[in-house]
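Participant: Predicted model follows, preceded by the sequence.
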Number of protein chains: 2
Amino acid sequence: MSPPVRRLAQPHDAPDDKKGATHPTSVPTMLDVALAAGVSTATVSRVLNGSGVVSDAMRDRGMAATNELGFQLNSIAQGLRKGHSNTVALLVGDIEQTHFSAMTKQVQGYLESIGLDLLLFNVGHSSARLEHFLRRVVSMRLRGVIVALSDKLSDTVIDMLVKLPEHGVVVVAIGQNLSEHKIASVVQSEREATIASIRYLIEHGRKRIAYLGKSKGSAVGTERYEGYKEALSAAGMYDPALVWDVSYRYSAGREAIERAYQKGLALDAVQTGSDERAVGAMAALHDSNVHIPDDVAIIGFGDIERGAYVRPALTTVSNHPADVGVHVSQLFNSTLSAKASLLVIQRSLVRRESA
Amino acid sequence: MSPPVRRLAQPHDAPDDKKGATHPTSVPTMLDVALAAGVSTATVSRVLNGSGVVSDAMRDRGMAATNELGFQLNSIAQGLRKGHSNTVALLVGDIEQTHFSAMTKQVQGYLESIGLDLLLFNVGHSSARLEHFLRRVVSMRLRGVIVALSDKLSDTVIDMLVKLPEHGVVVVAIGQNLSEHKIASVVQSEREATIASIRYLIEHGRKRIAYLGKSKGSAVGTERYEGYKEALSAAGMYDPALVWDVSYRYSAGREAIERAYQKGLALDAVQTGSDERAVGAMAALHDSNVHIPDDVAIIGFGDIERGAYVRPALTTVSNHPADVGVHVSQLFNSTLSAKASLLVIQRSLVRRESA
DNA sequence: CTGAAAGCGCTTACAG
DNA sequence: CTGAAAGCGCTTACAG
């Protein structure tokens, strides 16, 4: 029953280091708790992890000493021993975009609820940085990787992703369908929703419908563009001259419209791939004294809230970052049992004044 | 010169585990590299860390084996041995707000550039969750904690923060001045900028200037409110009836204006504490056929880009998330040498049509 | 310049 | 039900 090992005094055990904080103040270890409680570290470990069988007496002593010393399990040592950390990486295209930040919030909340931490990596458009990070995943003993990238993934990246589960890393994709690579994915109905949006414009008599968004490079953008093209082609109204491949920003929306008018292009509707572009386009139309929606109808893509407060209020294709967060948690659990699946969230048209 | 230790075959060394991925495929360890290179692990470690002195021959052999096996240092083991991880936590008030997400992006980029990872924790308004996380910081062996919270911090939280450096954790505050607690801080000139903004309105003949933002609870919001109050009091124009303590959202802006008009309150200018509130207020004014800026002037607070695309374009007090990111990096470095300091970023009035 | 050995702080068969 | 001991994968005095 006597303490198993006597630890010798260490240099940093000195009560007060007057030389400034060069040597961090020491923190109690499990051995300190065991010593104080008069039990073994094995018992302390069992008590704290609720594992194995421990008598009430031992449990009480262990808990008492733990609280007294304010002991916290060192998660690094724990990670080394268990073979994995308690963190999941979220690889996000651009945290500045509302969709991504809203999703990040959901995902962090979910992970926290199951005791995991979130490592955030903002990828931007650099494939090199992405690959560099991916190479480190296994050696960091990450529990999982959630990939929320709108850029099309290179084969190299997909290969790296595919191999992660072999090392016990759970992989979930958001925004692009990687289920054919056995990677659980949650996507939104980009194509179908765009088709419905364009049909709506056609039904309301629009003849010259422009597209303002990514048509290549972006996995998500391409889906939308293809929906646009399909719906217009079916109606015999597709005109490549009305397609602009532009960034998601406000300025891109405004500039595209300005260029169109300089060229004397006629149009009576604009489908954009983001609310930012839509608002930028509306500003340009407003400044050219074009009436919305009488002269030109506008439909955005994205955040439900924001568009409600511009005037005229923006009709938009709904976005569901919160739902994405919820579904990620489902996939995250089911992937733990190695079943790759696909979850599709339905977007829908939110009608307001602009179209 | 012969390998120092012979590792016996382990169960998971079996070439292919047919039973499904229950046992993660093994990853080479430093010992594997040492064995393959015919050197000691000490040498491999020195080669990979660029520490100590190593002969060219040893270096070549170490590197060759490392590349051949695709070896990556296990960062958990490294962390346990070195006594710290390579990660810094960012505690953020609400990642959905553009200011925070823009800042997060900067901070992550900076940390990455010095080889550190970013752990993201979205605090919301829960002091309990914040404290719980803070309690784990030392046991996670975090390198640093960056606190970007607009809510006023409780004494408990400040105490916890203050003690972190004793354990080798760098602490930096964003948005509130904690320098009196020896915590390096970067803030923006909330008070001064609001004073300047209100003076501008007064100089342009506005008499009934409302305030629409947080006046308590939020550290940042309170600073702004106090600037508002000071400027108006100095002019003998302060009227508490024109102050609304509302959330930062669009809807809060709209509803506040709607309520004001229901009450028959007269006003000819609105200073808001965020662009969201400003845009919400503009929508309400527009819907009531109130002309901006002739009848009512509006000034927002925040993102420079967004307001440029609403109509009329929004006059706003500038926000500098990117600068904050840059300054955090400076403080992060200087705090490593234990000097607490305060950095103030100047906000300024960006004049556009709304005021 | 190089290696053998100790040790970071846990968890978990194993033995009793 | 409990403890002694091994070991996760590194780094770093220490000795040569």
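Facilitator: Cool, got the structure.

Participant: what about residue A:147, neighbour count?
Facilitator: 25 (other Cβ atoms under 10 Å in any protein chain shown). Heads up, the C-betas are built off the backbone N, CA and C, glycines and all.

Participant: That one sits in which helix or strand?
Facilitator: Assigned by DSSP states H and E, residue A:147 belongs to strand A:144-148.

Participant: what are the C-alpha coordinates of that strand, in PDB please?
Facilitator: This file holds the C-alpha atoms of strand A:144-148, laid out as PDB (Å, rounded to 0.1, in the frame of the first residue of the first chain):
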ATOM      1  CA  GLY A 144     -10.400  12.900 -38.200                       C
ATOM      2  CA  VAL A 145     -10.200  15.300 -41.100                       C
ATOM      3  CA  ILE A 146     -13.200  17.300 -42.400                       C
ATOM      4  CA  VAL A 147     -12.600  18.700 -45.900                       C
ATOM      5  CA  ALA A 148     -14.800  21.700 -46.700                       C
END
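
Participant: Tell me the first helix or strand C-terminal of it.
Facilitator: According to DSSP H and E, the helix or strand after strand A:144-148 is helix A:155-163.

Participant: Strands of chain A, start to end?
Facilitator: A:87-92, A:117-122, A:144-148, A:170-174, A:184-188, A:209-213, A:243-245, A:269-272, A:297-302, A:315-318, A:342-345, A:349-350 (DSSP state E).

Participant: which outside residues touch the fourth one?
Facilitator: Read it as strand A:170-174. The contact list for strand A:170-174 (Cβ atoms under 8 Å, 6 or more residues apart in numbering or on different chains) reads A:88, A:103, A:143-148, A:161, A:164-165, A:183-187, A:324, A:328, A:331-332, A:335-336.

Participant: List buried residues within the residues you listed.
Facilitator: Buried members of those, scored by 16 or more other Cβ atoms under 10 Å in any protein chain shown, are A:88, A:103, A:143-148, A:161, A:164-165, A:183-187, A:324, A:328, A:331-332, A:335.

Participant: picking that back up, packing partners of the strand holding residue A:147?
Facilitator: Strand A:144-148 is packed against strand A:87-92, helix A:98-113, strand A:170-174, helix A:321-336, with contacts defined by 3 or more Cβ pairs under 8 Å, 6 or more residues apart in numbering or on different chains; DSSP states H and E.

Participant: Need those in JSON lines (columns: mean pLDDT).
Facilitator: Formatted as JSON lines, the helices and strands packed on strand A:144-148 follow (pLDDT from 0 to 100):
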{"stretch": "strand A:87-92", "mean pLDDT": "97"}
{"stretch": "helix A:98-113", "mean pLDDT": "94"}
{"stretch": "strand A:170-174", "mean pLDDT": "94"}
{"stretch": "helix A:321-336", "mean pLDDT": "81"}
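
Participant: Quick check: which of these has the most neighbours on average?
Facilitator: Neighbour counts (mean count of other Cβ atoms under 10 Å in any protein chain shown) averaged over each of these peak at strand A:170-174, with a mean of 26.

Participant: now the angle from that strand to helix A:155-163?
Facilitator: 130 degrees (axes from the mean of the first three to the mean of the last three Cα atoms, to 10 degrees).

Participant: before we move on, back to that, let me have the strands of chain A in JSON lines, adding distance to residue B:240 as columns.
Facilitator: Output for the strands of chain A, formatted as JSON lines (distance: least, Cβ to Cβ, whole Å):
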{"stretch": "strand A:87-92", "distance to residue B:240": "43"}
{"stretch": "strand A:117-122", "distance to residue B:240": "42"}
{"stretch": "strand A:144-148", "distance to residue B:240": "46"}
{"stretch": "strand A:170-174", "distance to residue B:240": "47"}
{"stretch": "strand A:184-188", "distance to residue B:240": "47"}
{"stretch": "strand A:209-213", "distance to residue B:240": "47"}
{"stretch": "strand A:243-245", "distance to residue B:240": "51"}
{"stretch": "strand A:269-272", "distance to residue B:240": "44"}
{"stretch": "strand A:297-302", "distance to residue B:240": "39"}
{"stretch": "strand A:315-318", "distance to residue B:240": "39"}
{"stretch": "strand A:342-345", "distance to residue B:240": "46"}
{"stretch": "strand A:349-350", "distance to residue B:240": "39"}
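
Participant: can you list those in TSV and add distance to DNA strand D?
Facilitator: Shown next, in TSV, are the strands of chain A (distance: least, Cβ to the nearest atom of the strand, whole Å):
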stretch	distance to DNA strand D
strand A:87-92	17
strand A:117-122	19
strand A:144-148	19
strand A:170-174	19
strand A:184-188	27
strand A:209-213	45
strand A:243-245	45
strand A:269-272	49
strand A:297-302	44
strand A:315-318	47
strand A:342-345	34
strand A:349-350	52
